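# mind folding the following:
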Amino acid sequence: MSTRLSYAPARFPRSGTPLLVLAGVLWGTGGLAGSLLASRTGLQPVAVAAYRLLVGGLLVTAYAAVAGGLRTGPCARAVVARAAVTGGLLALFQTAYFAAVAATSVSLATLTTMVALPVLVTVGSAVLDRRRPSPRAAGTIALAVTGLVLLLGSPTGTSGDRLTGTGLALLSALGFAALTLSHRAPLPGLSREAMTGLGFLTGGFVLLPAGLVSGMALPARIDAVGAVVFLGLVPTAVAYTSYFAGLHRAGAAAGVVAVLLEPLTAVLLAVLLGHDRLGGAQCLGVVLVLAAIAVPQTRTGATAAS
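Prediction:
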């Protein structure tokens, strides 16, 4: 199964799309949950990311083990190498994302990261395949880029260092795009869920030393423990399991639904539950993102296969 995202005209296969929608909505709760965890416990972004990767990795790996997805074939070295690359990239984009949230706001960090992601993946796929994006793909990228510029141009309800936060969010998007492109070819004998779980664990252990230095003491309170469990379970373990199951049925290109639904969910939650506000230009940016989601996607090049 390939996880490449690409734009081209077609209709979404019905089966799998609800799972991708579920993944995008659940992903959208991650920024708010991480911000809540940090504010309630005083944990630094690297510690929050380490908790998310470790808890999520344990849950996804346990699920893969029960489902029989941890079978390893004659490619043990390839598994180790893929886990190392996956863990490193996960550690990079998770830490950069939570640092961007801390520097600006949940809505701005999430929107910047997840709107930039389809652009980076589409351009990266075109470079790797040595093929220009289709006119429809170029139009979709233009919509996403325009929406991103509007969202960054006149944000309201945002404090902190906006330039630093934007750079960190783009670094997060770059890390996730590299992860997606590096997983275009599956490893025999190992399910995508198992590889994700092992990658989360690897990334968590990579961040663990820095997390311990910054402080990972968790207060014995229901809100603190609940936030850690929620962060590892809902936007991580359940969301990624739904995402890969949806890709298996609908095709990798349809994954753009989940990618772009995340920021919209995060914005809605930030407006309803937080102190963020959207100005007129940002509202127009959201409309353009919705238009990008509405552009039908299809499989191109390396398609998802089971």
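
# just give me the neighbour total for the residue lying closest to Val145 once chain neighbours are set aside.
Of all residues not flanking Val145 in the chain, Val119 sits nearest, at 6.3 Å (Cβ to Cβ, 6 or more residues apart in numbering). Backbone N, C-alpha and C define where each C-beta goes, glycine included. By the measure other Cβ atoms under 10 Å, the count of residues near Val119 is 18.

# distance from the helix or strand where Val119 lies to the middle of the chain?
In this structure, Val119 sits in helix 106-129 according to DSSP states H and E. Mean-position distance between helix 106-129 and its chain equals 10 Å (Cα atoms, centre = their mean, to the nearest Å).

# my read: the residue nearest to Val145 touches Ala144, true?
Yes: because the distance of 5.5 Å satisfies Cβ atoms under 8 Å, Val119 is recorded as touching Ala144.

# returning to that earlier point: how close does the residue nearest to Val145 sit to Gly16?
Look at Val119 and Gly16: by Cβ to Cβ, to the nearest Å, they are 23 Å apart.

# now stretch 227-240, how far from the centre of its chain.
12 Å.

# what's the end-to-end length of it?
18 Å (Cα to Cα, to the nearest Å).

# that older thread, now the helix or strand following the helix holding Val119 and helix 106-129, what's the angle there?
Sequence-wise, the next helix or strand downstream of helix 106-129 (DSSP H and E) is helix 135-153. Put simply, helix 135-153 runs at 150 degrees to helix 106-129, going by axes from the mean of the first three to the mean of the last three Cα atoms, to 10 degrees.

# on contacts alone, who are the packing partners of helix 135-153?
helix 106-129, helix 280-294 (3 or more Cβ pairs under 8 Å, 6 or more residues apart in numbering; DSSP states H and E).

# most tightly packed of these?
Of all these, helix 106-129 has the most neighbours on average by mean count of other Cβ atoms under 10 Å, namely a mean of 23.

# quick one: the closest residue to Leu90 other than its chain neighbours from Pro263, how far?
The shortest distance from Leu90 to any non-neighbouring residue, by Cβ to Cβ, 6+ apart, is to Gly203 (3.5 Å). Distance of Gly203 to Pro263, computed by Cβ to Cβ: 22 Å.

# again with Val46
23 Å.
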